[in-house]
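Engineer: coordinates for the following, if possible.
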Amino acid sequence: MKKRMKTSTRTGLTPGSLAQAGSLKNTTSRIIIHSYGKSLYSEKETADLLKLQEYLNQDPPVLWVHVEGLARIDLLRAIGKHFNLHDLTIEDILNTKQRPRQETFEDYSYLACKALLFNNGKNSPEDEQISLVIGKNYLLTFSEADITSLQPLKKRLESERDIIRKRGPDYLAYSLIDIIVDGYFSVLEYMGERLEILEDELLSRPEQETLQEIHFLKREMLKIRQATWPLREALIGLEKSDSLFVHPDNALHMRDVYSHLVQIIEAIEINRDILSGMLEIYLSSVNNRLNEVMKILTMFAAIFIPLTLISGIYGMNFRHMPELSWYYGYPFAIGLMGAVALVMLIYFRRKKWL
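Structural biologist: Numbering: from 1, shown residues only. Alright, predicted model coming up:
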């Protein structure tokens, strides 16, 4: 039975139309608003449109608005109107299946990236898109699911002594991106452990499950590669010193994250080469096992060919065969077959065919 391709819900819509692209993980939306400065911090949560307008009208040094769940289009539209976001930007935020990329507008800079998360005890990471909008005194972040890795960042905001309270939204964006990139290291470390286990299985006794595991890890490495390679290009645009929304000092931090990302990409390519080598080793091992089996079967066939010849000769019931009336004819035939088989085994052994 053939699978039908899913048709995008955006097909036929005009550019800038607000519609969810991709499967909804949350049927509701909630908004967490962090207001902070050197000696100021407050956190409010709401899913009400009127409360949202009230919270957004405050004027703190830095405002971080995090939207969790993209089901409420009215809330996204209100945020976009308040911060003067382009309709295409909100359209990109709703498209959770796009590749990581970066764009700079007149009033803000937009970045889409992928976080890799382990959810529900699964053995494979799931990618979750996080969209960032960096303005002069605000940072907007959007995600479909709850990003638990952001909890340390919230705790840092609560600490008055943390440097993040003295910096602007670009430093907050850097801290968030750094957490996402550090998550890639954790995923690669987990994949590396699975590669070591798989390598031991491959060298001891490769089975059909070993091949399935190799293909599974190759798909997972491809998923990680799709999340990291485009992000490298996006960070190049974000780290430029002439960027309107990233301070030159923070651009250095962005460059440090970029170097980490390059290190991750190199590790991904190494692991992909290792997996390709494992696939070749598996196929070679299977072929070697098959050759061993065929060699044994060929040896048996070679031994039984002369035995079949002897038994075939003595099975011809002609009247004047010399051995038909011989009392020791049967033991002689059996002994002859055994002697021929023994001589052939010794010969094969000396030739190191066995």
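Engineer: that's a helix at residue 51, yeah?
Structural biologist: Yes: applying DSSP: H, G, I helix; E, B strand; the rest coil, one finds residue 51 inside a helix.
Engineer: how close does the residue nearest to residue 74 when sequence neighbours are not counted sit to residue 235?
Structural biologist: Of all residues not flanking residue 74 in the chain, residue 49 sits nearest, at 6.1 Å (CB to CB, 6 or more residues apart in numbering). Every residue, glycine included, has its C-beta placed from N, CA and C. Computed as CB to CB, to the nearest Å, the residue 49 to residue 235 distance reads 34 Å.
Engineer: residue ranges with poor pLDDT in the stretch 101-250 of the chain?
Structural biologist: Residue ranges of the stretch 101-250 of the chain with pLDDT under 70: 119-123, 240-243.
Engineer: quick one: contacts for residue 112?
Structural biologist: If you count contacts by CB atoms under 8 Å, 6 or more residues apart in numbering, residue 112 has them with 92, 93, 98, 99, 100, 101, 102, 129, 130, 131, 132, 234.
Engineer: which of those residues sits closest to residue 305?
Structural biologist: Nearest to residue 305 among those is residue 99, at 64.0 Å by CB to CB.
Engineer: with adjacent residues omitted, what lies nearest to the closest one?
Structural biologist: Per CB to CB, 6+ apart, closest to residue 99 is residue 230, 4.5 Å.
Engineer: tell me the helix or strand right after the helix or strand hosting that neighbour.
Structural biologist: Residue 230 is part of helix 208-238, with elements assigned from DSSP states H and E. Using DSSP H and E, the next helix or strand after helix 208-238 towards the C-terminus is helix 248-314.
Engineer: tell me the angle that next one makes with helix 208-238.
Structural biologist: Helix 248-314 runs at 160 degrees relative to helix 208-238, counting by axes from the mean of the first three to the mean of the last three CA atoms, to 10 degrees.
Engineer: where in the stretch 251-354 of the chain is pLDDT low?
Structural biologist: 318-320, 354.
Engineer: could you redo the last one with a cut-off of 90?
Structural biologist: Along the stretch 251-354 of the chain, the parts satisfying pLDDT under 90 run over 251-258, 271-272, 274-354.
Engineer: name the SS class of residue 106, please.
Structural biologist: Assignment for residue 106 (three-state DSSP): coil.
Engineer: going forward, the N-terminal residue is numbered 775.
Structural biologist: Okay, residue one is now 775; in that scheme the one you just asked about reads as residue 880.
Engineer: quick one, phi psi at it?
Structural biologist: Taking degrees, to the nearest 10, you get phi -70, psi -40 for the backbone angles of residue 880.
Engineer: now it: how far from residue 945?
Structural biologist: From residue 880 to residue 945 the distance is 22 Å (CB to CB).
Engineer: break this structure down into its domains, please.
Structural biologist: Domain assignment for the chain by automatic domain parsing gives 804-1057, 1058-1124.
Engineer: re earlier: can you tell me which of the contacts of residue 886 is closest to residue 1095?
Structural biologist: Of all these, residue 1095 sits closest to residue 873, with 84.9 Å by CB to CB.
Engineer: can you tell me the SS state at the closest one?
Structural biologist: Residue 873 is classified as coil under three-state DSSP.
Engineer: more neighbours, residue 823 and residue 1009?
Structural biologist: residue 1009 (24 against 13; other CB atoms under 10 Å).
Engineer: quick one: that one and residue 1095, what's the gap?
Structural biologist: Distance from residue 1009 to residue 1095, by CB to CB: 92 Å.
Engineer: now swap in residue 947 and tell me
Structural biologist: In terms of CB to CB, residue 947 sits 100 Å off from residue 1095.
Engineer: where exactly do the strands run in the stretch 775-924 of the chain?
Structural biologist: Using DSSP state E, counting those that start in this stretch, the strands assigned to the stretch 775-924 of the chain run over residues 804-811, 814-820, 836-842, 875-878, 883-891, 900-908, 912-917.
Engineer: please save the CA atoms from stretch 1073-1082 in PDB.
Structural biologist: In PDB, the C-alpha atoms belonging to stretch 1073-1082 read as follows (Å, rounded to 0.1, in the frame of the first residue of the first chain):
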ATOM      1  CA  MET A1073      34.600 -29.200   0.300                       C
ATOM      2  CA  PHE A1074      31.800 -31.700   1.100                       C
ATOM      3  CA  ALA A1075      30.700 -31.700  -2.500                       C
ATOM      4  CA  ALA A1076      34.300 -32.300  -3.700                       C
ATOM      5  CA  ILE A1077      34.600 -35.200  -1.300                       C
ATOM      6  CA  PHE A1078      31.400 -36.900  -2.200                       C
ATOM      7  CA  ILE A1079      32.000 -36.600  -6.000                       C
ATOM      8  CA  PRO A1080      34.500 -39.600  -6.100                       C
ATOM      9  CA  LEU A1081      32.400 -41.400  -3.500                       C
ATOM     10  CA  THR A1082      29.400 -41.100  -5.700                       C
END
